[in-house]
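**Student:** below: sequence and its predicted model.
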Amino acid sequence: MRTVAAWLAAASLLCAQPAAAPDVSSRIREEAEKRSQVMKHLHVLADRYGPRLTGSPNYEAAARWAAAQLSAWGLANARLEPWDFGHPGWSNERAAGHFVAPVRDALVFEVMAWTPSTNGAARGQAVLLAPPASPSKDELDAWLQEHTARVKGRIVLLGKPREIPVSFSAVQKRLDDEAVKRRLEARGGPPMRAPAPKPEPGKLSPQQVNAAIDAWLVSSGALVKVLDSGMPHSTIRAFQNRTYDVTKSVPAVYLRNEDYGRAARLIESGEKVEMEFEIVNRTHPGTTTWNVLADIPGSDKPEEVVMIGAHLDSWHAATGATDNATGVAVMMEAVRLIQALQLKPRRTIRIALWSAEEQGLLGSKHHVQANYGTFEQPRPGFENLVAYLNLDSGTGRIRGASVFGPEEAAAMVRAALEAFRDAAVAGAAPSSSRREGGTDSTSFSSAGLPAIGFFQDPIEYFQQTWHTNLDTYERAVPEDLRQASAVIAAVAWHLASSEERLPRFTRETMPAPAHAALPVTQ
Ligand SMILES: [Zn+2]
């Protein structure tokens with residue numbers, strides 16, 4: 001870990017470097033501030049094509065729209081890169097749920113992706129069952145057998161309601177300068193979650209327990225599986241049936257914590273609670289999905305590529321505005337800015353919009369494997385990727401960058417960011433992490449490729465919008481997206497036009513590959 005003094009010393013060294021074409025950066029900023037279209041892109045991505053779940057018709061329509069839009073701005077070779085997702089598509093068309101006894105009231109919920117429709121209106125008694133915590137196979141089998149008679153024709157609330165006390169602490173929406181500095185000094189890779197603890201010997205993993213319970217609910221004839229959203233203020237975070245096979249689950253929903261708690265308390269006080277759900281889902285045959293790519297060809301080194309990207313897919317509970325239509329809108333606006341100013345980079349600037357990030361960075365991993373390989377097993381294109389720039393942390397303005405590479409690489413990015421010091425951008429720090437997980441930049445850095453991840457003000461991201469029913473256009477901050485568009489355009493321009501290439505790790509300095517991959521996606 002570096003000290004503040006060391007960081008400031010490193011930052012001041014930059015004054016010795018040539019300025020990063022300040023006229024271009026200020027022209028980009030002016031275009032971004034005065035004639036921005038970033039909110040227009042966001043509107044189309046979120047309002048017209050959201051949610052963009054991988055494999056859904058909405059995703060494909062968004063991909064086709066993006067490619068057509070990039071072509072219309074004069075980018076070359078706008079294309080859909082097909083790859084095999086391995087699962088059919090899925091979408092929800094209608095969903096309604098109600099308490100019908102002892103009270104009549106609408107329920108607030110989201111459907112679990114890749115689960116089946118109800119057969120018309122599914123009405124039944126609600127039962128609350130709390131499976132044993134970390135059971136052995138025998139313990140779980142005994143519990144399932146004991147409760148089989150209670151689930152046939154029932155609506156099954158699975159697990160005790162989560163109690164969420166009223167919070168008295170304010171949410172910090174912007175990082176203060178000290179926090180940004182600490183983040184740069186930490187110089188790690190992307191923030192990671194702790195790995196899930198391994199089950200004790202003889203105990204089932206949570207995934208094994210879930211799979212056994214799902215199979216039991218299907219075979220026992222349960223009507224609907226209901227999970228507690230476990231978040232306050234009607235916020236619901238929704239994911240998928242991990243088998244991606246609708247025959248392996250009963251219809252399943254995440255109910256808002258407030259309705260789940262109300263149902264649980266009524267059941268506890270001896271009332272017979274009845275609910276009704278009517279859910280229409282569709283599966284879409286075919287397992288092909290597409291990344292979107294387009295180029296601003298380089299003038300004298302077209303084979304060298306500076307790539308900018310974000311994931312186009314989203315979860316399905318809302319319109320995927322801050323995860324990650326904002327990242328896509330910023331990247332599209334960045335290439336539009338370069339085109340609008342008729343800038344001709346020396347190296348190719350390529351935009352890449354990924355599918356299936358949310359299911360495990362799958363689109364970007366496919367692209368890296370197919371085109372670049374890894375440092376240890378490179379494909380011919382490996383040397384040609386100068387940098388990959390990624391944005392995927394919500395709507396907040398950019399505060400700094402993490403550069404997979406040596407200190408000289410971070411210094412070059414810092415020089416490009418210098419023009420944005422008065423726009424709250426603090427600098428860049430090197431990273432040597434090859435851990436995979438978090439977001440698409442790690443598909444590149446884990447392969448040993450020079451990825452640049454940007455960190456942003458949090459605004460309401462992890463607290464409210466990330467993967468939730470609240471992830472809508474309204475939660476975007478226009479001035480922050482204008483700032484991010486200009487920053488990305490300027491850094492991409494600088495890396496694509498400077499005399500020197502972005503320095504890379506060498507054979508001697510390349511960190512060893514990380515093997516403990518954690519599939520936590522942003
Ligand atoms: Zn994301």
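**Tutor:** Looks like it arrived, so ask away. As the structure is a prediction and not an experimental result, all values here were calculated from the model.
**Student:** what does the stretch 251-400 of the chain put close to the ion?
**Tutor:** Proximity of the stretch 251-400 of the chain to the ion, by C-beta under 5 Å from the ion, involves residues 323-324, 392. Quick note: C-beta positions are derived from backbone N, CA and C, even for glycine.
**Student:** put the buried members of those residues into a PyMOL selection.
**Tutor:** Here the buried members of those are turned into a PyMOL selection, burial being counted by 16 or more other C-beta atoms under 10 Å:
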select buried, resi 323+324+392
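**Student:** nearest residue to E93 other than its sequence neighbours?
**Tutor:** By the measure of C-beta to C-beta, 6 or more residues apart in numbering, the closest residue to E93 outside its immediate chain neighbours is V280, 4.5 Å from it.
**Student:** which one of the residues of the stretch 251-400 of the chain next to the ion is nearest N119?
**Tutor:** Distance to N119 across these (C-beta to C-beta) is lowest for D323, with 32.8 Å.
**Student:** mind checking how far that closest one is from G50?
**Tutor:** Distance of D323 to G50, computed by C-beta to C-beta, to the nearest Å: 11 Å.
**Student:** now the common contact residues for those two.
**Tutor:** Common contacts of D323 and G50 (C-beta atoms under 8 Å, 6 or more residues apart in numbering): S314.
**Student:** paired strands for the longest strand belonging to the chain, with orientation please.
**Tutor:** In the chain, taking DSSP state E as the definition, the longest strand is strand 89-101. Partner strands for strand 89-101, per DSSP bridges, with pairing direction: strand 105-106 (antiparallel), strand 274-284 (antiparallel).
**Student:** which ones are touching the residue in the stretch 351-500 of the chain that the ion sits nearest to?
**Tutor:** In the stretch 351-500 of the chain, no residue comes nearer to the ion than D392, which is 4.4 Å away by C-beta to the ion. Applying C-beta under 8 Å, 6+ apart to D392 gives the contacts 310-311, 323-324, 327, 357, 439-441, 522.
**Student:** dump these into TSV; add pLDDT and secondary structure as well.
**Tutor:** Formatted as TSV, the contacts of D392 follow (pLDDT from 0 to 100; DSSP: H, G, I helix; E, B strand; the rest coil):
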residue	pLDDT	secondary structure
A310	98	strand
H311	98	strand
D323	97	helix
N324	97	helix
G327	98	helix
E357	97	coil
T439	95	coil
D440	97	coil
S441	97	helix
Q522	57	coil
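**Student:** now the buried members of the residues you listed.
**Tutor:** Applying 16+ other C-beta under 10 Å to the contacts of D392, the neighbour count classes 310-311, 323-324, 327, 357, 439-441, 522 as buried.
**Student:** reformat the residues you listed as CSV; add distance to R399.
**Tutor:** Formatted as CSV, the buried ones among the contacts of D392 follow (distance: C-beta to C-beta, whole Å):
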residue, distance to R399
A310, 17
H311, 21
D323, 18
N324, 18
G327, 15
E357, 22
T439, 16
D440, 19
S441, 16
Q522, 16
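**Student:** so P378 touches Y372, yeah?
**Tutor:** Yes: judged on C-beta atoms under 8 Å, P378 makes contact with Y372 at a distance of 7.1 Å.
**Student:** show me what contacts D214?
**Tutor:** Taking C-beta under 8 Å, 6+ apart as the contact definition, D214 lies against 225, 241, 243, 248-250.
**Student:** next helix or strand past the lowest-mean-pLDDT helix or strand in the chain?
**Tutor:** The weakest-scoring helix or strand in the chain, judged by mean pLDDT, DSSP states H and E, is helix 4-13 (a mean of 46). Following helix 4-13 in sequence order, the next helix or strand is helix 22-34 (DSSP states H and E).
**Student:** could you list the residues in contact with whichever helix or strand comes after that next one?
**Tutor:** The C-terminal neighbour of helix 22-34 among helices and strands, as given by DSSP H and E, is helix 38-43. For helix 38-43, the external contacting residues (C-beta under 8 Å, 6+ apart) are 32, 69, 321, 325-326, 328-330, 332-333, 473, 476, 478, 481-482, 485.
**Student:** try 6 Å
**Tutor:** Defining contact as C-beta atoms under 6 Å, 6 or more residues apart in numbering, one finds that helix 38-43 is touched by 325, 329, 332-333, 476, 478, 481, 485.
**Student:** and the host helix or strand of V491, what does it pack against?
**Tutor:** Assessed by DSSP H and E, V491 sits inside helix 478-497. Packing partners of helix 478-497 (3 or more C-beta pairs under 6 Å, 6 or more residues apart in numbering; DSSP states H and E): helix 22-34, helix 38-43, strand 301-311, helix 326-340, strand 347-354.
**Student:** low-confidence ranges in this protein?
**Tutor:** For the chain, applying pLDDT under 70 flags the ranges 1-22, 187-196, 516-522.
**Student:** could you chop it up by domain?
**Tutor:** For the chain, the structural domains run 16-86+287-497, 92-164+199-281, going by automatic domain parsing.
**Student:** point out the most buried one among the ones you listed.
**Tutor:** domain 16-86+287-497 (a mean of 22; mean count of other C-beta atoms under 10 Å).
**Student:** tell me how far that domain lies from the chain's centre.
**Tutor:** Put simply, domain 16-86+287-497 sits 12 Å off its chain's centre (C-alpha atoms, centre = their mean, to the nearest Å).
**Student:** same check on stretch 163-172?
**Tutor:** Using C-alpha atoms, centre = their mean, the distance between the centre of stretch 163-172 and that of its chain works out at 25 Å.
**Student:** pull the CA atoms of it into CSV?
**Tutor:** C-alpha atoms of stretch 163-172 as CSV (Å, rounded to 0.1, in the frame of the first residue of the first chain):
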residue,chain,number,x,y,z
GLU,A,163,-36.2,-8.1,9.9
ILE,A,164,-34.9,-4.8,8.7
PRO,A,165,-34.8,-2.1,11.4
VAL,A,166,-35.3,1.5,10.5
SER,A,167,-32.0,3.0,9.5
PHE,A,168,-30.8,6.3,11.0
SER,A,169,-27.6,6.7,9.0
ALA,A,170,-27.5,8.8,5.9
VAL,A,171,-26.4,7.3,2.6
GLN,A,172,-23.2,8.8,1.2
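**Student:** which stretches in the stretch 51-200 of the chain count as strands?
**Tutor:** Remark: strands assigned in the stretch 51-200 of the chain by DSSP state E, counting those that start in this stretch are 76-84, 89-101, 105-106, 109-111, 121-129, 155-158.
**Student:** I should have written the stretch 301-450 of the chain there, sorry.
**Tutor:** For the stretch 301-450 of the chain, the strands defined by DSSP E, counting those that start in this stretch occupy 301-311, 347-354, 385-390, 398-404, 428-431.
**Student:** what about A95, distance to A106?
**Tutor:** In this view, A95 and A106 are 11 Å apart by C-beta to C-beta.
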